[in-house]
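# Sequence and computational prediction follow.
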Amino acid sequence: MVFEQLRQQQKAGNFGMFGPFLDQQEWELADWLMTSGASQTKVDRFLHLDITRERMGPSYKGNQTLLQKIDKLPQGPTWKCRTITVKGDFLDENGDPMEEELDIWCRDPVECVCELIENPDFRDAMKYVPGRLFSDESEEEEIINEMWTAQWWWDTQEKLPSGATIAPVILASDKTQLSQFSGDKQAWPVYISIGNICKAVRRQTLKRGMILLGYLPVTKLECLHEHSRKGAGFILFHYVMSILLEPLIEAGKKGVQMTCADRHIRMVYPILAAYIADFPEQCLIVGVQLTDCLICEIDSDDRGEPSHAPFRDSARMLSALKDWVTEVSSAEYTRLGLRPIPKPFWAELPHTDIFSCLTPDLLHQLHKGVFKDHLVKWCLTHAGTAEIDQRFQCMPDHPTLRYFKKGISTITQWTGREFKEMQRIFASLTYGAVHSEVTAVACAVIDFIYYASYPSQPQDALDTFHQHKETFIHMMEHYIALIRAKGTPDGFNTELSECLHIDFAKEGYRASNKKNYIEQMVTYLTRRDAIHKFTAFLIWTDTIPDSQSDSNKADEVQEPVEQVPAATVAAGAPTWSIAKRAPWPKTAVRTLINNHGAVDFVPALQAYLNAHVPKGCVTTSVYDFVDVYKQIIIDIPSPQRLTDETQRDTIQATPGHPNPGRKKSEPDHFDCVLVHEDGVAEDVGIKGYCAARVRVLFRLPSWFGCTDTLAYIEWFTPFKPPVVPLRMSRVSYAMRQGRHQATVIPISSIRRSCALTPIFGKPHQRDRVWTARTVLEKCSHFFLNSHQSIYMFQLCDGDFVLVDNVS
């Protein structure tokens, strides 16, 4: 392994653990100087300060000597620059064709695969063989999750020799703007990863599960006439990509011996399996016109109907291109809607069908395309902008939901975050504002988006969508086949490319002098990757702690907390945490009645004590004092147990209060929750749950004889069946003699927060004085918003337990 080799080199060279640096302090200073974003001039100035030299005394006296030490650190795959010449159709002053030289900066993809597969950081997140996941003990219903659970890996494994290990190569490329406000500086990075690494790690840019392969040249091809540039750009892209991926041809046919993260040596076959790109770039990759489907051969005029057309095939496309180039026939070339690309880069890649490499694009196809550009515009046309805006403005506060205080019509800069935030509440808001069939479409579309974002088979949502929408979004029809072939789309989201641009393009550009910037970006990234690799080595040797995980924990928990014990919980149940010290100790019960609205606090607490502390014979009154807390934190495991990741849920119960100065006063925060009444939590499904609103979180003084952390809640009625066409249960306040039915429960009965959406009804039926602060008080009927989050959607959707059966 590379880390073991590095340690042996340090011992052989008689270096310390931090060599070429003297000690940990000198290394940490160098790490900070190189990653702080300070320019080289400022770094040099800092190192020449008297206070730096006299008190710190680092062995590097200036920026130049610092860079020399950084260059001695172990580095990743070597960068190479290859220059190609594009001959134009313009003539120069000598009558010769004008030429343009372009630099291709790239690394060997086989070396990049080796770098990834041997990384010890990925040891617990790496798979080397395909496997199966099932939804039950009988192993009848298969679940698709990671790439190793999908069919492509199984089919490809049968084509290779016995004992071969597949490294499914995942590429991603996206052109990005580097200069801000002015200028036209651009970069076109190409990233590489492997499907052996679990998607949760690949999605974390700091983990380096996807690394930079190279930069494609960005040029306007001014040596060509304008009418020739478009076609020449297609050919140039494929020619450059063929240069980048050439080493994969031999490696994919014969295999390469690699030392893997588990220290085993395997014969690895790196095979192109997936290519992440937006739709225009996908068309460029496969060489198909923008108006045609990239997956099947359906006619563009028939894309609004269910497709029965055959899937596109690389061999058939190459044959059509060959006939077109040799002028044998152009009929098939025209029928398939191909672009003039004589030799696509993927033509010689072994075991690769480029059309099956295309992955669903959640960001551009679903969040932006289907939802924002189609569904939202459609609903605004039916309901009116003012009505939809007002409904957004009336949404009650919830920690996981964004409050659109001015509605959505005033938003000018849309990002993926806005699309997702709108989806969480949009379907329930349309109820009563538009025709029921429009609401059915809205619910089906958002259900489809949630299914596509999670390992499920969303054929029912797809069928419902087609029944209610005349113009069908054709690409959605292929999602199920793509998921079964390569895994769920959340592992191939183009949002990852957008995040990678920050680290691998924009930061390097800012560190350059803006001239010949690609070369300077390569040098900057080489040094920064060396720092990252050396840091990983020090963590691997336990020389330094993993600061990344420590900082994550610090960000999640901002105050000392203690876990709250629960007497009866199922395996894998949530864990509850609360502050060690109450923010409002010894609060009078009368204050809770007046400020928290806990009007029946005394009888509710007395009933709880009578049931749980019968020997105490304690009588409560408004003159008692309790310790009051602002919030509880619940760590909720994944409903399907596919990963060890948990969702952190914060539940608040704080009254409103004025802020000093000119700041607006803080509103009430009394969150709604799901309470499990049977004591033992279900894995998924809302059966046995009831909705409630938390008014007070508190603990009693010791003389009460009760050590539980308690919550005063106001009940809602049991869930009523969903109304057509929404798949959302209904609730209303549980009343008794004109008052909210309230009780006291241990906080271990609270399983998670929930978002309740008011049932607005028809526009003329709604009370126009509703606001975000008052709607929970004034409205009496609500939907349980199943689109609040992926976790809530799964909880409301189904019930199954996974069995892991790995081949």
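Nice, I can see it.

# Look up how far Thr385 lies from Lys406.
12 Å (Cβ to Cβ, to the nearest Å). (Each C-beta comes from the backbone N, C-alpha and C, glycine too.)

# Repeat that for Thr415.
According to Cβ to Cβ, Thr415 and Thr385 sit 20 Å apart.

# Show me where the stretch 701-807 of the chain has its helices.
Along the stretch 701-807 of the chain, counting by DSSP state H, counting those that start in this stretch, helices occupy 775-778, 790-797.

# what about the stretch 651-800 of the chain, any weak spots by pLDDT?
678-684, 764-768, 798-800 (pLDDT under 70).

# I figured Tyr689 was touching His676, is that so?
Yes: between Tyr689 and His676 there is a contact under Cβ atoms under 8 Å: 5.7 Å.

# Dihedrals phi and psi, Val183?
Heads up, residue 183 is Gly, not Val. When read as degrees, to the nearest 10, the backbone of Gly183 gives phi 90, psi 160.

# got it, and Tyr275?
Here Tyr275 shows phi and psi, under degrees, to the nearest 10, equal to phi -130, psi 120.

# One more: Pro340?
Dihedral angles of Pro340 (phi, psi; degrees, to the nearest 10) stand at phi -70, psi 80.

# Enumerate every residue touching it.
231, 234-235, 324 (Cβ atoms under 8 Å, 6 or more residues apart in numbering).

# one more time with 6 Å
Gly231 (Cβ atoms under 6 Å, 6 or more residues apart in numbering).

# mind checking how far it is from Gly231?
From Pro340 over to Gly231 (counting by Cβ to Cβ), the distance is 5 Å.

# Next: Tyr333.
14 Å.

# Neighbour count for those two, which is higher?
Per other Cβ atoms under 10 Å, whichever of Tyr333 and Gly231 has more neighbours is Tyr333, with 19 against 13.

# show me the contacts for the more buried one.
320, 324.

# what ranges do the strands span in the stretch 151-300 of the chain?
Using DSSP state E, counting those that start in this stretch, the strands of the stretch 151-300 of the chain run over residues 165-173, 176-177, 186-194, 211-216, 256-259, 265-276.

# Could you dump these into a markdown table and include mean neighbour count and mean pLDDT?
Shown next, in a markdown table, are these (neighbours: other Cβ atoms under 10 Å; pLDDT from 0 to 100):
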| stretch | mean neighbour count | mean pLDDT |
| --- | --- | --- |
| strand 165-173 | 25 | 97 |
| strand 176-177 | 16 | 92 |
| strand 186-194 | 22 | 96 |
| strand 211-216 | 24 | 96 |
| strand 256-259 | 16 | 95 |
| strand 265-276 | 22 | 96 |
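
# Out of these, which is closest to Pro667?
Pro667 lies closest, by Cβ to Cβ, to one member of the strands of the stretch 151-300 of the chain: strand 176-177, at 39.7 Å.

# Please state the offset of the closest one from the chain centre?
Between the centre of strand 176-177 and the centre of its host chain there is 21 Å, according to Cα atoms, centre = their mean, to the nearest Å.

# for stretch 780-797, same thing?
The answer for stretch 780-797 is 20 Å, by Cα atoms, centre = their mean.

# And for stretch 9-25?
38 Å.

# which residues touch it?
Residues from elsewhere that reach stretch 9-25 (Cβ under 6 Å, 6+ apart): 27, 59, 69, 72, 543.

# Thr52: which of the residues you listed is nearest?
Closest to Thr52, out of all of the contacts of stretch 9-25 and judged by Cβ to Cβ, is Ser59, at 12.3 Å.

# ok, and the closest non-adjacent residue to that closest one?
Of all residues not flanking Ser59 in the chain, Leu22 sits nearest, at 5.6 Å (Cβ to Cβ, 6 or more residues apart in numbering).

# Also Phe404?
Nearest residue to Phe404 in three dimensions, chain neighbours excluded: Phe392, at 4.2 Å (Cβ to Cβ, 6+ apart).

# Please put the alpha-carbon coordinates of the stretch of helix or strand that neighbour belongs to into PDB.
Phe392 belongs to helix 385-393 when assigned by DSSP states H and E. What follows is helix 385-393, C-alpha atoms only, in PDB (Å, rounded to 0.1, in the frame of the first residue of the first chain):
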ATOM      1  CA  THR A 385     -49.400  33.700  -9.000                       C
ATOM      2  CA  ALA A 386     -51.000  35.700  -6.100                       C
ATOM      3  CA  GLU A 387     -52.900  32.600  -4.700                       C
ATOM      4  CA  ILE A 388     -49.800  30.400  -4.700                       C
ATOM      5  CA  ASP A 389     -47.600  33.100  -3.300                       C
ATOM      6  CA  GLN A 390     -50.100  33.700  -0.400                       C
ATOM      7  CA  ARG A 391     -50.200  30.000   0.400                       C
ATOM      8  CA  PHE A 392     -46.400  29.900   0.600                       C
ATOM      9  CA  GLN A 393     -46.500  32.900   2.900                       C
END
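
# Go through it and flag the buried ones.
387-393 (16 or more other Cβ atoms under 10 Å).

# Mind listing residues that contact that helix?
Contacts of helix 385-393 (Cβ under 6 Å, 6+ apart): 380, 404, 407-409, 429, 433, 760, 763.

# From the residues you listed, which land in helices?
Using DSSP state H, the subset of those located in helices is 380, 429.

# Going by neighbour count, which of the contacts of helix 385-393 comes out on top?
Highest neighbour count within the contacts of helix 385-393: Leu429, with 26 neighbours (other Cβ under 10 Å).

# In contact with it: list those residues for me.
Arg391.

# any idea how far it lies from Lys406?
From Leu429 to Lys406 the distance is 15 Å (Cβ to Cβ).

# go on, Ala711?
Distance from Ala711 to Lys406, by Cβ to Cβ: 34 Å.

# Comparing these two, which shows the higher neighbour count?
Neighbour tally, Ala711 and Lys406, criterion other Cβ under 10 Å: the higher count belongs to Ala711, 25 against 11.

# Give the buried residues for the helix or strand hosting Gln606.
Counting by DSSP H and E, the element that carries Gln606 is helix 601-612. Neighbour-count burial for helix 601-612, with 16+ other Cβ under 10 Å as criterion, is recorded at 601-602, 604-605, 608-609.

# So what's the residue count around Gln68?
Neighbour number of Gln68 under other Cβ under 10 Å is 12.

# what does the one 3 residues further on give?
Neighbourhood size, Asp71 [other Cβ under 10 Å]: 13.

# Local confidence estimate at it?
On pLDDT, Asp71 comes in at 92.

# Which neighbouring elements make contact with the longest helix along the chain?
Selection of the longest helix in the chain by residue count, based on DSSP H, yields helix 517-540. The contact analysis (3 or more Cβ pairs under 6 Å, 6 or more residues apart in numbering; DSSP states H and E) places helix 517-540 against helix 2-12, helix 507-511.
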